[in-house]
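Asks: Need a 3D model of the sequence below.
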Amino acid sequence: MEISLKNQVAIVTGASSGIGTGIAKSLASAGATVIINHSSENSAGEAQKVLDEIESEGGKGMVWQCDVSKENEVIAMFQETISRYGTVDILVNNAGIQKDAKFIEMTVEEWDEVMSVNLRGQFLCSREAIKEFLRRGIDKSRSIACGKIIHISSVHEIIPWAGRANYAASKGAIKMLMQTLAQEHGADRIRVNSICPGAIQTPINKEAWETPEALGKLMKLIPYNRIGQPEEVGNLAAFLASDLADYISGTSIFIDGGMTSLESFEDNG
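Replies: Numbering: from 1, shown residues only. Here you go, the predicted model:
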């Protein structure tokens, strides 16, 4: 059984590092042309490196700078993609940030910045993607679905996270956004799902795995007793974007080594 995304065009937001990079590489490996979105000049070099690696393996794509929280920039990204490649078949809403603080010390700016990227960004990108899916309609030479959206959420859409109320709230909201879009556009044959990673070895959570002591503490939360890798999330995204997953829509899929079983409660808490 082969996962094929041949002739399809995918936008992956926040693809210059971490989970986004893993997803972009997996989609490209499956045959998709991948738009590697990054947010600023500071991440341009890393985004180009991802594209270079994809092209070295025979894949195709382009790099595009866009702050997903800004409507005009999101619209421009979709317009350029459609102008260059004809359409968009797959959107992976991956871009996300953390601004941690105790709740009573959290500023409005810290709350708003996380919500703007993590939630508003997914709304804006999803809206433009669905517009394009509906404009194009179903093209069975590409996919038996009209379009595919994958929201990158987190185990923290269901696990509270003290000191990160803004982040956890944004991920909980993504679950409702995803399910509502799946409900509203299911009859259009648009599939919408979420991937909910647990502990994945990326720069954003380096402090949780960079020392043996930190890693040992993390393992107390993961029954499978290892940390996940970005390419594992990428492989799941490639499957969900493919026709092999055509009857999967409106669901959150957890990739967490069992973290949501709350291992810390195995001895009654």
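
Asks: Buried residues, the top helix by length along the chain. List them.
Replies: Ranked by residue count, the top helix of the chain under DSSP state H comes out as helix 165-185. Buried residues in helix 165-185, counted by 16 or more other Cβ atoms under 10 Å: 165-175, 177-179, 181-182, 185. Yep, even glycine has a C-beta here, placed from its N, CA and C like the rest.

Asks: One more: stretch 27-42?
Replies: Going by 16+ other Cβ under 10 Å, stretch 27-42 has these buried residues: 27-39.

Asks: thinking again about what came up before, tell me what the longest helix of the chain is packed against?
Replies: Here helix 165-185 touches helix 108-115, helix 121-136, strand 147-152, strand 190-197, going by 3 or more Cβ pairs under 8 Å, 6 or more residues apart in numbering; DSSP states H and E.

Asks: Of the ones you listed, give the one that comes closest to residue 261.
Replies: Proximity to residue 261 (Cβ to Cβ) singles out strand 190-197 among those, at 13.4 Å.

Asks: Give the next helix or strand downstream of the helix or strand of the chain with the lowest mean pLDDT.
Replies: Lowest by mean pLDDT, DSSP states H and E among the helices and strands of the chain is helix 212-219, with a mean of 89. Counting by DSSP states H and E, the element after helix 212-219 in chain order, helix or strand, is helix 230-241.

Asks: still on that earlier bit, okay, the helices and strands packed on helix 165-185, which one's buried deepest?
Replies: strand 147-152 (a mean of 27; mean count of other Cβ atoms under 10 Å).

Asks: show me the contacts for the residue lying closest to residue 154 once chain neighbours are set aside.
Replies: Nearest non-adjacent residue to residue 154, counting by Cβ to Cβ, 6 or more residues apart in numbering: residue 171, 4.5 Å away. Residues counted as contacts of residue 171 (Cβ atoms under 8 Å, 6 or more residues apart in numbering) are 118, 153, 154, 156, 157, 196.
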